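Student: what's the 3D shape of this:
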Amino acid sequence: MNAPDNNTMPDVQGFADSRALAIDKVGIKSIRHPVKVADRAGGVQHTVAVFNMYVGLPHDFKGTHMSRFVEILNTREREISVELFEPMLRDMIERLEAETGHIEMSFPYFMNKAAPVTGVESLLDFDVTFIGEIQQGGEYEFTLKVLVPATSLCPCSKKISDYGAHNQRSHVTVTARLDGHLWIEELVEMVEAQASSQLYGLLKRPDEKFVTEHAYDNPKFVEDLVRDVAGVLKREPRIVSFMVEAENFESIHNHSAYALIHGTA
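Tutor: From the prediction side, this is the model:
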């Protein structure tokens, strides 16, 4: 039996649509693909990213060609790099006959950290997302999103207690639209410097004493945390706009404390 000729089979997605409703984003979600990411030290991290890929669909198109998104990923290098991000996005909107496009690439990123007293080194992982967009008119925008774990210590608990204070692990998520290159490490360090204490993968006893006392000397409410991080981001010329979110996983409550700030640099 002969295989069907692809050129003679009906292209249903290419049919016209009469409902006059454009779709803002249509595409595929949660497809995994190898990537490589350059680090500040001059090395390259090889990892697996989860991609979301969308285009804007004009009002007179019935559908988009979902298989082409996968083809675009697989016709690139075996491991997609940051440098290929914008060209891949422009190729996507051209092949799908769209005017706007959006790609998200989420992956774990590792930083080597030295403990504050003993200097013992260990890896700590961060959730990172690259977001590329082609806007109406062809302008390219790049956004870097990083989730930074940290420690926060409650100022109220410290003030009212005869001894000690409760602390918790915090997740600070920064979503920053960039104009210029900013290393992931730079953004992580901006956030860590504003926390009661940063986190480490490995601590010896002298290090544990240091971070415990450092957090006690540097108490922060969740409101303090987002304001302090936002203040640093506003002074960074490579950041056009940003959103800072902080979630404290409370150690004395069965709920989290949360705060969010939008801003422009």
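
Student: what's the weakest-modelled helix or strand in the protein?
Tutor: Between all helices and strands in the chain, the lowest mean by mean pLDDT, DSSP states H and E belongs to strand 80-81, at a mean of 74.

Student: and the helices in the stretch 51-200 of the chain?
Tutor: Taking DSSP state H, counting those that start in this stretch, the helices of the stretch 51-200 of the chain run over residues 66-74, 85-95, 155-160, 184-192.

Student: list the helices and strands the longest one packs on?
Tutor: Packing contacts for helix 85-95, counted by 3 or more Cβ pairs under 8 Å, 6 or more residues apart in numbering; DSSP states H and E, involve strand 44-57, helix 66-74, strand 101-114, strand 121-134, strand 140-153. (C-beta placed from N, C-alpha, C; glycine too.)

Student: likewise the first one?
Tutor: In this structure, helix 66-74 makes packing contacts with strand 23-38, strand 44-57, helix 85-95, judged by 3+ Cβ pairs under 8 Å, 6+ apart.

Student: what about dumping the CA coordinates of the second one to CSV?
Tutor: Output for strand 44-57, consisting of C-alpha atoms alone and laid out as CSV, is shown next (Å, rounded to 0.1, in the frame of the first residue of the first chain):
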residue,chain,number,x,y,z
VAL,A,44,29.0,25.6,29.9
GLN,A,45,26.2,23.7,31.7
HIS,A,46,24.5,21.0,29.8
THR,A,47,21.0,20.4,30.9
VAL,A,48,17.4,19.6,29.8
ALA,A,49,14.9,22.4,29.5
VAL,A,50,11.1,22.4,29.3
PHE,A,51,9.9,24.5,26.4
ASN,A,52,6.6,26.3,25.8
MET,A,53,6.2,27.7,22.3
TYR,A,54,3.4,29.9,21.1
VAL,A,55,2.4,32.2,18.2
GLY,A,56,-0.4,34.6,17.7
LEU,A,57,-3.1,33.3,15.4
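
Student: my read is that residue 244 contacts residue 228, right?
Tutor: No. Applying Cβ atoms under 8 Å, one finds residue 244 not in contact with residue 228, separated by 9.3 Å.

Student: the more surrounded of the two?
Tutor: Between residue 244 and residue 228, counting by other Cβ atoms under 10 Å, residue 244 is the more crowded of the two (25 against 18).

Student: and that one, what element?
Tutor: Secondary-structure assignment from DSSP states H and E places residue 244 in strand 239-249.

Student: relative to strand 140-153, how tilted is that strand?
Tutor: Per axes from the mean of the first three to the mean of the last three Cα atoms, to 10 degrees, the angle that strand 239-249 makes with strand 140-153 is 30 degrees.

Student: what angle separates strand 239-249 from helix 184-192?
Tutor: Counting by the same axes, to 10 degrees, strand 239-249 lies at 50 degrees to helix 184-192.

Student: hmm, residue 147 and residue 199 touching each other?
Tutor: No. Contact criterion Cβ under 8 Å: residue 199 and residue 147 do not qualify, at 11.9 Å.

Student: so what touches stretch 156-170?
Tutor: By Cβ atoms under 8 Å, 6 or more residues apart in numbering, the residues outside stretch 156-170 that reach it are 149-154, 195-196, 199, 215-216, 219, 221-222, 225, 246-252.

Student: distance between the host helix or strand of residue 229 and the chain's centre?
Tutor: Assigned by DSSP H and E, residue 229 belongs to helix 222-234. Chain-centre distance of helix 222-234: 18 Å, with Cα atoms, centre = their mean, to the nearest Å.
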